[in-house]
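sharing a model that was predicted from the sequence below.
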Amino acid sequence: MPTWNLHVARQSIRAARAWLPEGLPAFVPEGVTRSALLGDVFHAIQWWDVQAFLRRFPMRIREALESDLEALMAVFTAAVHALAGGAYTAEQCRAWAPIPPDAEGWRSRLSGVTVLLACEGEQVAGFIGYARSGHVDLLFTAPLFARRGVATALFEAACADMRRSGTQRLRTEASLAARPFFERQGFAVVAEEDVLRQGVALRRFRMTRDLRVPRA
Ligand SMILES: CC(C)(COP(=O)(O)OP(=O)(O)OC[C@H]1O[C@@H](n2cnc3c(N)ncnc32)[C@H](O)[C@@H]1OP(=O)(O)O)[C@@H](O)C(=O)NCCC(=O)NCCS
């Protein structure tokens, strides 16, 4: 856990203890212990604090370096298991994002694409991998940063780069979890398919978009 996170956690425990009286309030259902309640309050406060803390940092987008590999694999693994976990079974998530991740496999996969990272402070909030020919290959946001515009910012930066290269058409293979994001960016589904990962089938969608047409 990074230092600032520990600091926030300690502060939150202190705040939760001070907030919760020794005897439990009347609205607490029978069977709920003080420590369980304290735990819930702690998580709520910690989450709020972390979010407030992160909002102090503007998001920065930069090209990935080789030294970012660990952080990038961590974002990928967490995104698949936590964010795509609602759309795929645990077995499918394990096949898609094995734990631990295969660093060599990642190194070779990333060598063929341009990778941009979104950073807030020292934290990697997400990354996109694409080919300037128009293929959006990878797009993952760390769960803590989900629904805060990280993927949108990365996608827009990649589009600006591809426009400069003269790219006219974008294509991607979107997961069940990512389809709404790509639809929001003006992509349309052209085919539905199953891809095999370690012998396990995962449903995904081939989607395309004309880059010359601004999204609605
Ligand atoms: C898909 C993913 C990259 C989106 O990242 P994100 O940073 O949360 O996306 P944004 O905050 O930029 O979302 C922009 C818009 O896309 C749509 N969107 C994004 N995630 C969505 C979801 N889970 N359900 C419905 N709409 C979604 C919304 O319209 C959202 O705008 P809103 O938050 O104002 O409603 C992220 O959820 C992820 O990593 N998912 C798991 C891994 C995955 O499937 N990656 C793609 C592989 S193809």
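Arrived safely, thanks for sending.

now find how far off-centre stretch 84-103 is within its chain.
From the chain centre to the centre of stretch 84-103 is a distance of 14 Å (CA atoms, centre = their mean, to the nearest Å).

the residue nearest to R197 when sequence neighbours are not counted: what's it in contact with?
Distances taken as CB to CB, 6 or more residues apart in numbering place A95 nearest to R197, at 4.3 Å, with adjacent residues excluded. Quick note: C-beta positions are derived from backbone N, CA and C, even for glycine. If you count contacts by CB atoms under 8 Å, 6 or more residues apart in numbering, A95 has them with R197, Q198, G199, V200, L202.

check for me that A95 belongs to a helix.
Yes - counting by DSSP: H, G, I helix; E, B strand; the rest coil, A95 is located in a helix.

look up how far the ligand lies from it.
Distance from A95 to the ligand, counting by CB to the nearest ligand atom, to the nearest Å: 14 Å.

do you know how far that residue is from L170?
27 Å (CB to CB, to the nearest Å).

what comes up buried for stretch 174-192?
Buried residues in stretch 174-192, counted by 16 or more other CB atoms under 10 Å: A174, S175, A177, A178, R179, F181, F182, E183, Q185, G186, F187.

so which residue is smack in the middle of the protein?
T141 (1.8 Å; CA atoms, centre = their mean).

and it, what does it touch?
Applying CB under 8 Å, 6+ apart, the residues near T141 are V75, A79, L83, A125, G126, V150, A151.

show the contacting residues for the third one.
The one in question is L83. Here L83 is in contact with T141, P143, A146, A177 (CB under 8 Å, 6+ apart).

pLDDT score for it?
Looking at L83, its pLDDT stands at 96.

please report phi then psi for Y88.
Y88 adopts backbone torsions of phi -120, psi 160, taken as degrees, to the nearest 10.

quick one: neighbours of it, just the number.
Counted with other CB atoms under 10 Å, the neighbours of Y88 add up to 20.

numbering from 64 from now on, please.
New numbering, starting at 64: the last item is Y151.

of the contacts of T204, which is the nearest to A254?
Nearest to A254 out of the contacts of T204 is A214 (CB to CB; 22.3 Å).

columns secondary structure and distance to P277 on top of the buried residues of stretch 237-255, output as CSV?
Shown next, in CSV, are those (DSSP: H, G, I helix; E, B strand; the rest coil; distance: CB to CB, whole Å):
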residue, secondary structure, distance to P277
A237, strand, 20
S238, strand, 25
A240, coil, 25
A241, coil, 21
R242, helix, 21
F244, helix, 17
F245, helix, 15
E246, helix, 15
Q248, coil, 11
G249, coil, 8
F250, coil, 13
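
can you tell me which of the residues you listed are up against the ligand?
Among these, the ones lying near the ligand by CB under 6 Å from any ligand atom are A237, S238, A240, A241, F244.

pull the most distant pair out of those residues.
S238 and F244 (9.6 Å).

next one: R210, what pLDDT does it get?
So, for R210, pLDDT stands at 94.

ramachandran coordinates for it?
According to degrees, to the nearest 10, R210 has phi 60, psi 40.

with V263 instead?
Here V263 shows phi and psi, under degrees, to the nearest 10, equal to phi -110, psi 130.

swap in L259?
With angles defined as degrees, to the nearest 10, L259 sits at phi -100, psi 130.

sounds good, over and out.
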